[in-house]
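# fold the following and give me the result.
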Amino acid sequence: TDLGDGADDTRHDLAARQQRSRDRLLAAVPSSGADTAALFDHPLLGLDVAGQRVHLEPDLVAARLAGRWHVVEIKSFPVIDGQADPAKVAAAAIQSAVYVLALRDLLTAAGHDPGLVGTDVVLVCPRDFGNQPVASLVDVRKQLLVLRRQLDRMARIDTLLAGVPEDFTADPQADPATLTAGLTTVDARYAPDCLATCELAYFCRHETRGQTGALGRPVREALGGVATAAEALALAAGERTPEPEQAEAAALLRAAARLRADALSGHPG
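Numbering: from 1, shown residues only. Model (predicted):
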């Protein structure tokens with residue numbers, strides 16, 4: 001079933017496509033225990049992100065395949081001798097986890113078991129240097145946990161805008177002093193990846209000096225709730241009592257501190 005057939009990008013059509021996708025997908029949930037299979041091409045799903053409803057379009061959803069639903073993601077990067085680029089596979093896993101979460105939310109809202117959506121997504125890529133496809137199962141349970149934690153911590157757009165001064169401007173034609181003063185009123189969210197994609201990367205990197213988030217996404221995810229490097233060092237040394245939301249990160253930091261001390265002493269524990 002092609003749920004994107006004849007679609008355009010108008011707001012009205014997006015709403016109609018999302019409703020059509022919802023109706024068709026929910027109709028594929030069997031009331032009996034029968035194992036029926038159906039493929040839905042380009043369904044339009046929705047997900048709440050920071051108080052806003054966003055539209056998502058997975059490549060394919062295989063409904064009720066061997067008793068579970070599976071998100072299918074089709075990529076152009078090759079699998080050569082059974083191996084694919086780890087960074088590209090990781091990115092595809094994160095993208096697919098978003099679709100899994102949106103599909104689970106759809107079933108939950110309709111009163112169905114979200115566990116019907118499998119955490120093993122089907123990744124389809126070209127085999128070697130030809131056009132023959134090869135499919136692999138990718139477990140996205142870890143990505144789902146991280147995604148839920150990130151969504152829970154994201155501030156709403158209206159909350160962020162409430163803290164922005166009325167005279168704020170990001171107009172590059174504005175006076176440099178005015179522009180710089182305006183940008184400093186907004187908290188910077190820098191990561192090393194920004195250097196390749198954003199012209200404000202160096203500006204934000206300067207503002208976030210000493211913050212754990214500036215060390216990259218893996219550090220930000222591992223040290224959730226620990227905002228600064230000074231705070232991380234104090235927790236690692238046991239000089240500070242962690243807040244409840246910092247307990248997991250504090251245990252990780254203390255373990256790292258012990259490993260570092262053992263390595264420097266020459267007596268690994």
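
# mind checking how far the most centrally placed residue in the chain is from residue 22?
In the chain, the centroid-proximal residue (C-alpha atoms, centre = their mean) is residue 147; its distance is 4.8 Å. Distance of residue 147 to residue 22, given as C-beta to C-beta, to the nearest Å: 21 Å. Every C-beta, even on glycine, is put in place using the N, C-alpha and C of the backbone.

# same thing with residue 133?
For residue 133, the distance to residue 22 - C-beta to C-beta - is 29 Å.

# which of the two has more neighbours?
Counted by other C-beta atoms under 10 Å, residue 133 and residue 22 do not tie: residue 22 has more neighbours, with 18 against 11.

# now that one. Nearest residue, chain neighbours left out?
Spatial nearest neighbour of residue 22, excluding adjacent residues (C-beta to C-beta, 6 or more residues apart in numbering): residue 106 at 6.3 Å.

# correct me, but the one you found touches residue 23?
No: the pair residue 106 / residue 23 is not scored as a contact, 10.9 Å apart, by C-beta atoms under 8 Å.

# look at these two and report which has more neighbours.
Neighbour totals were compared for residue 106 and residue 23, and residue 106 leads with 21 against 10 (other C-beta under 10 Å).

# what's near enough to touch that one?
Taking C-beta atoms under 8 Å, 6 or more residues apart in numbering, we find residue 106 in contact with 22, 25, 26, 45, 46.

# let me know whether my guess that the last one is in a helix holds.
No: with DSSP: H, G, I helix; E, B strand; the rest coil as the criterion, residue 46 is located in strand rather than a helix.

# wait, it sits on residue 52?
No: assessed by C-beta under 8 Å, residue 46 is found out of contact with residue 52, at 10.3 Å.

# those two: which is more packed in?
Applying other C-beta under 10 Å to residue 46 and residue 52 shows that residue 46 carries more neighbours, namely 18 against 11.

# how much space separates the closest residue to that one other than its chain neighbours from residue 222?
Counting by C-beta to C-beta, 6+ apart, residue 46 lies nearest to residue 53, which is 5.4 Å off, once chain neighbours are set aside. Plainly put, residue 53 is 30 Å away from residue 222 if you go by C-beta to C-beta.

# pLDDT below threshold where in this protein?
5-12, 30-37, 155, 267-269 (pLDDT under 70).

# which residues in it form strands?
38-41, 45-49, 52-56, 60-65, 68-74, 120-126, 133-139 (DSSP state E).

# mind listing what's buried along the last one?
Taking 16 or more other C-beta atoms under 10 Å as the basis for neighbour counts, the residues of strand 133-139 that come out buried are residue 138.

# show residues contacting it.
So strand 133-139 is contacted by 79, 89, 92-93, 96, 119-127 (C-beta under 8 Å, 6+ apart).

# can you do 10 Å?
Strand 133-139 has contacts (C-beta atoms under 10 Å, 6 or more residues apart in numbering) with 70-74, 78-79, 82, 84, 89-90, 92-93, 96-97, 118-128.

# what of the fourth one?
Contacts to strand 60-65, defined as C-beta under 10 Å, 6+ apart, come from residues 1, 3, 21, 24-30, 34-43, 45, 68-74, 99-100, 103, 116-118, 121-122, 124.
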